[in-house]
Every structure is written in structure tokens, then in C-alpha cells.
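> Kindly generate the corresponding structure for this input.
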Amino acid sequence: MTKAQIQIFFERLREQRPHPQTELNYGSPFQLLIAVLLSAQATDVSVNKATTQLFIDAPDAQHMYDLGVEKLKNYIKTIGLYNAKAENVIKTCKILLERFHGEVPQTREELESLPGVGRKTANVVLNTAFGQATMAVDTHIFRVGNRTGLAKGKDVLEVEQRLLKVIPKEFIHDAHHWLILHGRYCCTARKPKCGECVVSDVCNWKERFAYGAEIPHLQQPQLES
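Numbers count the residues shown, from 1 in each chain. The predicted structure follows:
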């Protein structure tokens, strides 16, 4: 994608969703961290169902730690990999209480020192909770970046670094949310909705016309009278 295409791309996504937000429910940086931890290989909807009562009963690190692993499992047993996730959540709460006074740290290195927290989870927390210019690349963003030509890469780190390089500063804070929502609801894996896509005319995916994108009309040369 050219710089002009990228500018139009994000202007359109911003116009479509002026105030994009994560679809995970949370009321604090701690709750966001836990929700993102639980969301690995699970849908946001399933996580929200599980955390509705959990965050009422255990709104912070101390209350969550006091639940213990077995009680926590009862709240999250409808989520995939809940056994391992319960272990990681309780271990994370213990570290937060011992090292960070129960607060969520605001650096990537400290976040990634927590059990179950990888680069993507750290990036989500840094961006959504603390407003930092990070890019959490999941399967949706990886697909959108490669498919559209916005940021091609063979792995998530390469796509992340490319996105941070090419996205104009005015869009960088919300770019993660725009891209993930676009990938989740429009630029889907199997049947992308190119006919409804607001950026199909600046997309470089050659197959988009087969999925309904409007074919640009060539300007016909005017004949001299």
C-alpha cells in the first residue's frame, strides 16, 4: 500500500468507527489484564459471560488471589483451557501483590514477566489501559495486514513492526481496534465481505472482486469532435 492508500484506509475506518473499543468487558487495568489472559483461544463473548460475576466477586488482585485456583475454575470453566488459565491468573495475582502493590505494571518487560502474558497480551494492556502506541497482532490483524497489503509479514512480530512503521501517528492509538474489528466483521477468513467493505478500493488483494468488491471503471478517452 502507498502512503496515500494507507491514509485513506484509516480515514475510512475512523469514519466507520469513530470511537473503537475492545469488546472485552472490564472496569480497571487489572480486569482488562485478566480478561485478555482468559481470551486466549476463546471468544470475547465467552470471556464476558464468565467474567461478569467474577469481576463482581473478585474485582482486584487481592480478592482474585483469595479465591484460589479451584474456586476460580468454577467461574471460568466454560472457557477453553480454563485449568491452565486459572493457574496463571492466581500466579499473576500473587506477583502483582508481591511486586507491584496489586497494580498492573505499565512496561512491556514487567507485563511479560507475568505467567501467561505474552507480547500480544502486553500490547493490548499497554494500548487499551494505558494509551501507549502499541500494536497487538492477533489472527485477524495478521490476516488483514497481509491480505490488504497494508503490512505483509511471515509472522506476527514482522507484521507488528511493519504496522508501527507505516501507520500515521494520528491513527496509531486506535489502529489496533480498527484492524481487529475490521478483520472480525468484514475482512473475515473464509468469506470476506468485500462488497460491503469501506476500504475495498484501496485494498490490494487481487481476489477482492470475486467477493463483491466494485470493479473500478476505467475513464474512457474523450473523442475529438
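> For this structure, just list every one of the helices.
For the chain, the helices defined by DSSP state H occupy 3-16, 29-38, 44-57, 61-76, 82-99, 108-112, 119-128, 139-148, 156-166, 169-185.
> Please save the CA atoms from the second one in PDB.
What follows is helix 29-38, C-alpha atoms only, in PDB (Å, rounded to 0.1, in the frame of the first residue of the first chain):
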ATOM      1  CA  PRO A  29      -6.500  -2.200  34.100                       C
ATOM      2  CA  PHE A  30      -6.400  -5.300  36.300                       C
ATOM      3  CA  GLN A  31      -9.700  -6.600  35.000                       C
ATOM      4  CA  LEU A  32      -8.600  -5.900  31.400                       C
ATOM      5  CA  LEU A  33      -5.400  -7.900  32.000                       C
ATOM      6  CA  ILE A  34      -7.400 -10.900  33.400                       C
ATOM      7  CA  ALA A  35      -9.900 -10.700  30.600                       C
ATOM      8  CA  VAL A  36      -7.200 -10.700  27.900                       C
ATOM      9  CA  LEU A  37      -5.400 -13.600  29.700                       C
ATOM     10  CA  LEU A  38      -8.700 -15.600  29.600                       C
END
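> Show me where this protein dips below the pLDDT cut-off.
Across the chain, residues meeting the criterion (pLDDT under 70) sit at 217-225.
> what's the domain layout of it?
3-19+136-211, 29-128 (automatic domain parsing).
> ok, and for stretch 14-24, which residues are buried?
Arg14, Pro20, Thr22, Glu23, Leu24 (16 or more other C-beta atoms under 10 Å). From N, CA and C alone the C-beta is placed, and that goes for glycine too.
> oh, I was asking about stretch 39-55
For stretch 39-55, by 16+ other C-beta under 10 Å, it's Ser39, Ala40, Ala42, Asp44, Val47, Asn48, Ala50, Thr51, Leu54, Phe55.
> between these, which is closest to Leu126?
Nearest to Leu126 out of the buried residues of stretch 39-55 is Ser39 (C-beta to C-beta; 15.9 Å).
> who touches the closest one in this structure?
Leu24, Val47 (C-beta atoms under 8 Å, 6 or more residues apart in numbering).
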